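Student: based on what follows, work out the 3D shape:
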Amino acid sequence: MLRESAGLSLVETTLAVGILGLSLVAVLNAFSALGQSAGHLDRATAADAVANSVAESILNQAYLNYPGTYSTVSDVANPRAYAIAVQIEYASDPAAVTAATPPTWTTTPAVDYGLQRITVTVTPTQGGSARVTRALKQR
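Tutor: As a prediction, the model looks like this:
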């Protein structure tokens, strides 16, 4: 007469523990990816806010003729010390602009016609993509 076993064999227990371990690793990897994604989103959102604040601050300052530079630190909150770059481009002669010929932009104009395209680029120092905001400023 054969005895029926009342418990689990060593092979069954080992397989169950292995499957449980693989499942746990997959869940932990998912949480790790979620945490990294949330951190990237947080840095990008903060960089967007800084870029918009810098652009708004520049728009609130008086128009500076070529080769003027605008302050980016006086009234802008940048608690994470992100890198800020500002590029000022000047519009071409408005008399030459037609529906078929849009304005052109240059960083070194012969004449400042009173319209600037200001590009603010904010780059998180801990990694992440740069955020860009553009604004037009008129004399």
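Student: distance between stretch 11-26 and the chain's centre?
Tutor: 41 Å (CA atoms, centre = their mean, to the nearest Å).
Student: pLDDT on that stretch, on average?
Tutor: Average pLDDT, stretch 11-26: 92.
Student: which residues in the chain form strands?
Tutor: With DSSP state E as the criterion, the chain has strands at 83-91, 105-106, 115-123, 131-138.
Student: the second one: partners in the sheet, and parallel or antiparallel?
Tutor: The one in question is strand 105-106. When pairing is defined by DSSP bridges, strand 105-106 lines up against strand 83-91 (antiparallel).
Student: next, the angle from the partner strand to strand 115-123.
Tutor: Counting by axes from the mean of the first three to the mean of the last three CA atoms, to 10 degrees, strand 83-91 points 160 degrees away from the direction of strand 115-123.
Student: mean confidence for strand 83-91?
Tutor: If you average the pLDDT values across strand 83-91, you get 90.
Student: in it, which residues are buried?
Tutor: 84, 86, 88-91 (16 or more other CB atoms under 10 Å). C-beta coordinates here come from the backbone N, C-alpha and C atoms, glycine included.
Student: got it, and stretch 66-76?
Tutor: Buried residues in stretch 66-76, counted by 16+ other CB under 10 Å: 70, 72, 76.
Student: burial of residue 21, as a residue count?
Tutor: Per other CB atoms under 10 Å, the neighbour tally for residue 21 reads 10.
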